[in-house]
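Peer 1: Based on what follows, work out the 3D shape:
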Amino acid sequence: MVVSRYRSRTGISNLLKVLQPEVRFEHVTFGFKASSRSNHYTTSCPLYGGISLKKKKNVKSQSNLGNCRSVKDFEKLNRIGEGTYGIVYRARDMRSDEIVALKKVRMDKEKDGIPISSLREITLLLRLRHPNIVELKEVVVGNHLESLFLVMSYCEQDLASLLENMQAPFSEVKCIVLQLLRGLAYLHHNFILHRDLKVSNLLMTDKGCVKIADFGLARVYGIPLKPMTPRVVTLWYRAPELLLGSKTQTTAVDMWAVGCILAELLAHKPLLPGSSEIQQVDLIVQLLGTPNENIWPGFSRLPLVGQYSLRKQPYNNLKNKFTWLSEAGLRLLNLLFMFNPQRRYPVLH
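Peer 2: Numbering: from 1, shown residues only. Next up, the predicted model:
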């Protein structure tokens, strides 16, 4: 089945096939095979290579659930959050006694099937394994196949709540950003754009391990670059090329968001808290100066550039904003905040 156009009246029962037969996603084919002689499911993917997923021991197969367990195997302890695409609970796996995060997929806006954002998140997370990326352990279903839950590794807090409750010292900021960059390097190495990096999508365990979460807007990309919608990334973290309507997106959109996150951790408040796209562009210009063809070739040809009346700001004000920051810190921020996406600091460097 083709996930990018997936719609079905049977909804979840068809989605369960994602865990068994071949699935197509964004023109990339992923194969799932179960062997009766092995306790593993083997997956193949041209981008990530094969991954083995261990079967659960002593779990009886149910014809209506496929290889998925029921949500009845989990005790919901408390509700810990709610996002655009679903509600998240802290829960206990009653078989293993492990504490997990149980994300209920929001279905109220989808009459004909599973939200495409959830399908993308499931398809990607089943194949991503890195210490700094949240782990999707399995997919479970609710009563009568009318709801879907993602069982994920549990993290005690996100960076947004951390910023509200304490002021992280500079040494801790460096540790947090380093872990973010390691996780992002893994994604970009595997041709994945996250496209929604922000402090509330970065989770932290009680041992200080940072994990990138929420892959509902993530995309696999390739060469040549194909058009994507520019209305992604939460406004405060959105790169200027997206605000100006660029149809192509590169890893640079994630790196701009990293710069915003770093600045927010340093200042203990959002750097560019615009209330509209017009104000967001104006805040960027106030901070970094007015872009032009010399520093950003192709700037004047961006689709929406004519809709903005840019103020004349000849100076970069980052140094005035972070007077106490070292030269190395300022240099890193400037590299992350390059107007020209091709010159913006790539994480793989």
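Peer 1: how deep is the residue nearest to M107 when sequence neighbours are not counted tucked in, by neighbour count?
Peer 2: Closest residue to M107 apart from its sequence neighbours, by CB to CB, 6 or more residues apart in numbering: S147 at 6.7 Å. For glycine as for every other residue, the C-beta is placed from the backbone atoms N, C-alpha and C. Applying other CB atoms under 10 Å, we find 17 residues neighbouring S147.
Peer 1: Could you measure from S147 over to E135?
Peer 2: 21 Å (CB to CB, to the nearest Å).
Peer 1: and the residue nearest to M107, what is it in contact with?
Peer 2: By CB atoms under 8 Å, 6 or more residues apart in numbering, the residues touching S147 are 12, 71, 104-105, 107, 141.
Peer 1: out of the residues you listed, which are inside strands?
Peer 2: Per DSSP state E, strands hold the following members of these: 104-105, 141.
Peer 1: which of those lies closest to H189?
Peer 2: Nearest to H189 among the ones in strands among the contacts of S147 is V105, at 28.2 Å by CB to CB.
Peer 1: so where is the stretch 101-250 of the chain shaky, pLDDT-wise?
Peer 2: Residues of the stretch 101-250 of the chain meeting the criterion pLDDT under 70: 108-113, 144-146, 166, 168, 222-232.
Peer 1: all helices in it, in order from the N-terminus.
Peer 2: 116-125, 159-165, 170-189, 240-243 (DSSP state H, counting those that start in this stretch).
Peer 1: quick one on the thing from earlier: narrow the ones in strands among the contacts of S147 to just the buried residues.
Peer 2: By neighbour count, with 16 or more other CB atoms under 10 Å, the ones in strands among the contacts of S147 hold 104-105, 141 as buried.
Peer 1: Would you reformat the contacts of S147 as TSV and include distance to V88?
Peer 2: Output for the contacts of S147, formatted as TSV (distance: CB to CB, whole Å):
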residue	distance to V88
I12	19
V71	13
K104	8
V105	11
M107	15
V141	17
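Peer 1: Which helix or which strand is home to A328?
Peer 2: Assigned by DSSP states H and E, A328 belongs to helix 327-336.
Peer 1: helices or strands up against that helix?
Peer 2: Contacts defined by 3 or more CB pairs under 8 Å, 6 or more residues apart in numbering; DSSP states H and E place helix 327-336 against helix 252-267, helix 318-321.
Peer 1: between those, which gets nearest to A160?
Peer 2: helix 252-267 (9.2 Å).
Peer 1: Return the most buried member of the helices of the stretch 101-250 of the chain.
Peer 2: Counting by mean count of other CB atoms under 10 Å, helix 240-243 has the highest mean neighbour count of these, with a mean of 24.
Peer 1: Remind me what it packs against, helices and strands.
Peer 2: helix 252-267, helix 277-288.
Peer 1: a markdown table please, covering the helices and strands packed on helix 327-336 and showing distance to Y345, mean pLDDT and mean neighbour count.
Peer 2: Shown next, in a markdown table, are the helices and strands packed on helix 327-336 (distance: least, CB to CB, whole Å; pLDDT from 0 to 100; neighbours: other CB atoms under 10 Å):
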| stretch | distance to Y345 | mean pLDDT | mean neighbour count |
| --- | --- | --- | --- |
| helix 252-267 | 6 | 96 | 23 |
| helix 318-321 | 14 | 95 | 14 |
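Peer 1: got TSV for the ones you listed, with distance to V151 too?
Peer 2: Formatted as TSV, these follow (distance: least, CB to CB, whole Å):
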stretch	distance to V151
helix 252-267	26
helix 318-321	42
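Peer 1: for those, which one sits closest to R219?
Peer 2: Across these, closest to R219 is helix 252-267 (CB to CB), at 10.4 Å.
Peer 1: quick one, which of the helices of the stretch 101-250 of the chain is nearest to Q249?
Peer 2: Closest among the helices of the stretch 101-250 of the chain, using CB to CB: helix 240-243, at 7.3 Å.
Peer 1: Contacts for that closest one, please.
Peer 2: For helix 240-243, the external contacting residues (CB under 8 Å, 6+ apart) are 230-233, 249, 252-253, 256, 277, 280-281, 284, 291, 302, 304, 339, 341.
Peer 1: ok, now stretch 164-174?
Peer 2: Outside stretch 164-174, the residues within contact range by CB under 8 Å, 6+ apart are 162, 176, 262, 265-266, 268.
Peer 1: go with 6 Å
Peer 2: For stretch 164-174, the surrounding residues in contact (CB atoms under 6 Å, 6 or more residues apart in numbering) are 265, 268.
Peer 1: Can you tell me what sits against the strand of greatest length in the chain?
Peer 2: Ranked by residue count, the top strand of the chain under DSSP E comes out as strand 74-83. Residues outside strand 74-83 that contact it (CB under 6 Å, 6+ apart) are 88-94, 102.
Peer 1: if we go to 7 Å?
Peer 2: Identification of contacts with strand 74-83 by CB atoms under 7 Å, 6 or more residues apart in numbering yields 87-94, 102, 214.
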